[in-house]
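Student: I would like to see how this sequence folds:
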Amino acid sequence: MKTVDLSPPQATINALILALSIAAIPHIIYQPIWVGMMFVVMISWRLLHHWKDWPLPTASRWLKVLHNGTALLTIVMLFAQFGLTIGRDAGAALLTMMLAFKVVEIRSLRDYYLSCFLGFFVVITNFFYSQSVFMVVLMLIVVIGLGYCLLSVNSQVSALNIKQRLWLSSKMVLQATPMMLFLFVLFPRISGPIWGLPQDANANKSAQMTEQLTLGELPPSQGTTGINDQIQMGKISQLIQSDAIAFRVKFTDNVKPAPSELYWRGPVLWKTNGTVWSPIAEKNIDSSKPNIQVSGDAYNYQMTLEPHNKKWLFALDFPTQLPTSLSTDIKTDGQLNSTKAIKQRIQYSLISSTSYTFNASSDPNLHAALQLPENKHTKTRALAHEWQQQSATPQQYIDTVLAFFTNDGFVYSLSPPALRGDTVDQFLFTTKEGFCEHYAASFTVLMRAAGIPARIVTGYQGGDINPVDNILTVRQRDAHAWSEVWLPGQGWVRIDPTAAVSHQRIEQGIGQLLPPGRQSPAMLGNHSQLVAAWNSLKNNWNAFNTAWDMWVVSFGPERQLELLSKLGMNNPNWKKMIVVLTILFVLTGLIMTLSIWFKRSPNDPAVALYQQFCMKLARLGITKADYEGTQDFAQRAQMVLPNYQQQIDSITNLFTTWRYRQQDDQTLASLREEVKAFNPKH
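Tutor: Below you'll find the model as predicted:
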């Protein structure tokens, strides 16, 4: 007896290649370029076999050696690229390559199924890099496509057309959605991921896709991933090129400060070598807590901070009540830190006051606030000495310096010229064109040269309020640096020299100073109605992205307990969630069992007729196996009874039509006549 060829049809292989290629597209961005090239080469080999009849590896020993040798070379390249580190990038690259090489050698249904299931694993790996709405939609399309591929080789539904198979695959995904939502909401959450992310999970952020599909915004470019704990002239100005989100803020009852008071405090810098500013080493800084006296209004707000792989947290200057959901501490210089590096999006609540006095009586680190490098800034020191002689009080000296920035031709520039040599002297006396760090650094040097303790504070200033959800979004382009001076009886006082040059930057935000092409597409021109429509569309999209990030991507233990409390669960905990999940699983199982019981048709006349057809074949030794589908059984019977091929094919098609397409009297009558007339003999 001849065996039936169980290799999948080429059309279904092409559909599988399409689904797998869509799943692998993001990895072309995440992975080294050679990984994407190798994937394309292997997939092209398989397609050219279909289009140009190119031989596959199984056609000859030499092609098999080429295929296996290339696979071995790929493994060597993976080791060369990633070393022995078992990490996210290495694992995803290996899986992508395994999938590509497996597609080339598909010969049987077993190979086909294995490639499909590998495709589901590739879908999962994409979420290690991004959980954006765009990624979810793209991977949902892939899952429906892989379901279509599995249905296409299932003998009971292979007779369905393409549209019917796609709808059946989509319907299965829809049927699974309620259970997915139940698990998402009720499955107990823990702080952090179930397993520790590998070391490469937060590396090369600039080479990854952005978390949001943005409208009219620039993704972060190389080297502009966020605030650092060191600055030098020109460093922060690079961040202006990035629209990446630093954090989002939700003010309680929408009570928020004026735009000019939106200073988001971050790392505090004390030391300088004349070019680079950096914080005091942990072992050298006094461990006492800051002495803060507040007055005026207090602002309650919730921060949603994007991962930056550092320990510092940002807060509205100045925080008066620390987060309770995180383990934090605040240094004597007012820098708020987490005890662990921020490697995933976190949320925390704060209370701040914008009117305060900070260490008014004394400060243990004043000596560090007077340090200047020797033999540097000679012109600046001379100018400071001259102004100091003319000033009766420190405040008068400060006013003189600010007036110098305002009246002596200084310009606020988003792309200042590069500085060489003594950067402070060159900026103050030659270029006079700079960004916030130019003014903060030079102002701090002028203060220290006159004996006034001063330091630089970095962070962000301003932010954009979305009128749709009243969320304030602070982006990397809002990065800012300002100065603080210590005055007897007043303590540390914020002085922002940038405001002396460009008050629009502080009062209106950096967004108003961006080129028109960064605010709205150039194609809209000056059409106010089109620009308004664009801004409305962008605001709604950003509001949707914010809700997605807060309620899906950042759905952690706190959010889960908050949601369950709103849904009526008193004092939710993991035990109650397990009980509810168990009840839901039992109810779902009962509903599915009852649904199958009532939908089944034990007295289906078509089934009875098909069983008669199978019994007639069984008399000739052709018995249908329990696992065997109707089409496979028909092919095997036709191989044994070639003279009855047409009748076998007609009966099988009529039965399939009745079961999966159309149940009408004519189809049933035709099936009854065909089975009655079918009397096979060897």
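
Student: Please, which helix or strand holds Ser352?
Tutor: Using DSSP states H and E, Ser352 sits within strand 346-353.

Student: Within its sheet, name the partner strands of that strand and how each one runs.
Tutor: Strand 346-353 pairs in its sheet with strand 298-305 (antiparallel), strand 319-321 (antiparallel), by DSSP bridges.

Student: Of all those, which one comes closest to Leu584?
Tutor: strand 298-305 (30.0 Å; Cβ to Cβ). In short, each C-beta sits where N, CA and C put it, glycine included.

Student: What score does Met139 have for pLDDT?
Tutor: At Met139, the model reports a pLDDT of 95.

Student: In a strand, it, correct?
Tutor: No - read with DSSP: H, G, I helix; E, B strand; the rest coil, Met139 is helix and lies in no strand.

Student: quick one: contacts for it?
Tutor: 23, 123, 126-127 (Cβ atoms under 8 Å, 6 or more residues apart in numbering).

Student: Could you rerun that using 7 Å?
Tutor: Shown in contact with Met139 (Cβ atoms under 7 Å, 6 or more residues apart in numbering): 123, 126.

Student: I'd like the distance between it and Arg661.
Tutor: Distance from Met139 to Arg661, counting by Cβ to Cβ, to the nearest Å: 31 Å.

Student: ok, now Ile285?
Tutor: 77 Å.

Student: Please apply the same query to Val411.
Tutor: 75 Å.

Student: try Gly274
Tutor: For Gly274, the distance to Arg661 - Cβ to Cβ - is 82 Å.

Student: Between the two, which has more neighbouring residues?
Tutor: Gly274 (19 against 14; other Cβ atoms under 10 Å).

Student: Is the more buried one in contact with Thr378, as I believe?
Tutor: No - at 11.0 Å, Gly274 does not count as touching Thr378 under the criterion of Cβ atoms under 7 Å.

Student: how about the strands in the stretch 351-500 of the chain?
Tutor: 356-358, 411-412, 433-434, 454-461, 464-465, 472-475, 479-487, 491-495 (DSSP state E, counting those that start in this stretch).

Student: neighbouring strands for the third one, and are they parallel or not?
Tutor: By that I understand strand 433-434. strand 411-412 (parallel).

Student: Show me the contact partners of the strand it pairs with.
Tutor: By Cβ under 7 Å, 6+ apart, the residues outside strand 411-412 that reach it are 432-433, 498, 501-502, 505.

Student: Among these, which lie within helices?
Tutor: Using DSSP state H, 498, 501, 505 are the members of the contacts of strand 411-412 that sit in helices.

Student: Which pLDDT value goes with Arg559?
Tutor: At Arg559, pLDDT is 78.

Student: So what's the residue count around the nearest residue in space to it that is not next to it in sequence?
Tutor: Closest residue to Arg559 apart from its sequence neighbours, by Cβ to Cβ, 6 or more residues apart in numbering: Trp551 at 6.8 Å. The number of residues packed near Trp551 is 11, by other Cβ under 10 Å.

Student: What of Ser349?
Tutor: The number of residues near Ser349, taken as other Cβ under 10 Å, comes to 17.

Student: now it, nearest residue through space, not along the chain?
Tutor: Gln302 (4.9 Å).

Student: Dig out what the one you found forms beta bridges with.
Tutor: Going by DSSP bridges, Gln302 forms beta bridges with Lys250, Ser349.

Student: okay, now it: neighbour count?
Tutor: 17.

Student: Identify the residues contacting it.
Tutor: Neighbour list for Gln302: 250, 347, 349 [criterion: Cβ under 7 Å, 6+ apart].

Student: Among these, find the lowest-pLDDT one for me.
Tutor: On pLDDT alone, Gln347 ranks lowest of these, at 88.

Student: can you pull the contacts of that one?
Tutor: Taking Cβ under 7 Å, 6+ apart, one finds 302-304, 554, 558 in contact with Gln347.

Student: Where do the domain boundaries of this protein fall?
Tutor: 10-186, 231-523, 605-677 (automatic domain parsing).

Student: among these, which is the most enclosed?
Tutor: Mean neighbour count (mean count of other Cβ atoms under 10 Å) peaks for domain 231-523 among these, with a mean of 18.

Student: Got the phi and psi for the residue nearest to Leu48 when sequence neighbours are not counted?
Tutor: Distance criterion Cβ to Cβ, 6+ apart; nearest residue to Leu48, sequence neighbours excluded, is Trp54 at 4.3 Å. Trp54 adopts backbone torsions of phi -70, psi 140, taken as degrees, to the nearest 10.

Student: hang on, isn't Trp54 packed against Leu47?
Tutor: No - the pair Trp54 / Leu47 is not scored as a contact, 8.9 Å apart, by Cβ under 7 Å.

Student: Does Asn571 fall in a helix, a strand, or a coil region?
Tutor: coil.

Student: quick one: least confident helix or strand in this structure?
Tutor: helix 516-519 (a mean of 60; mean pLDDT, DSSP states H and E).

Student: circling back: just so I know, which of the strands of the stretch 351-500 of the chain lies nearest Thr588?
Tutor: strand 472-475 (39.8 Å).

Student: So what touches the closest one?
Tutor: 243-249, 256, 264, 460, 463-466, 542.

Student: Now do Phe410 against Leu94, distance only.
Tutor: For Phe410, the distance to Leu94 - Cβ to Cβ - is 55 Å.

Student: same check, this time on Tyr113
Tutor: Applying Cβ to Cβ to Tyr113 and Leu94 gives a distance of 20 Å.

Student: got it, and Ser288?
Tutor: To Leu94, Ser288 is 51 Å away according to Cβ to Cβ.

Student: cool, and Trp492?
Tutor: 53 Å.

Student: Please apply the same query to Asn161.
Tutor: Asn161 is 37 Å from Leu94, by Cβ to Cβ.

Student: swap in Thr177?
Tutor: The value you get for Thr177 to Leu94, if Cβ to Cβ is used, is 31 Å.

Student: could you dump the strands paired with strand 346-353 to JSON lines with distance to Leu584 and mean pLDDT?
Tutor: Formatted as JSON lines, these follow (distance: least, Cβ to Cβ, whole Å; pLDDT from 0 to 100):
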{"stretch": "strand 298-305", "distance to Leu584": "30", "mean pLDDT": "93"}
{"stretch": "strand 319-321", "distance to Leu584": "39", "mean pLDDT": "91"}
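
Student: who's in contact with Ala637?
Tutor: Applying Cβ under 7 Å, 6+ apart, the residues contacting Ala637 are 617, 622, 648.

Student: Can you tell me which of the residues you listed end up in helices?
Tutor: Using DSSP H, the contacts of Ala637 in helices are 617, 648.

Student: quick one: contacts for the closest residue to Thr652 other than its chain neighbours?
Tutor: Among residues not flanking Thr652 along the chain, Ala634 sits closest, at 4.2 Å (Cβ to Cβ, 6+ apart). Residues in contact with Ala634 (Cβ under 7 Å, 6+ apart) are 648-649, 652.

Student: what does Pro188 give?
Tutor: 574, 577 are the contacts of Pro188 under Cβ under 7 Å, 6+ apart.

Student: Mind listing residues that contact whichever helix or strand Ala606 is part of?
Tutor: Taking DSSP H and E as the definition, Ala606 sits inside helix 605-618. Helix 605-618 is touched from outside by 624, 637, 651, 655, 658-659, 668, 671-672, 675, 678, 680, with contacts defined as Cβ under 7 Å, 6+ apart.
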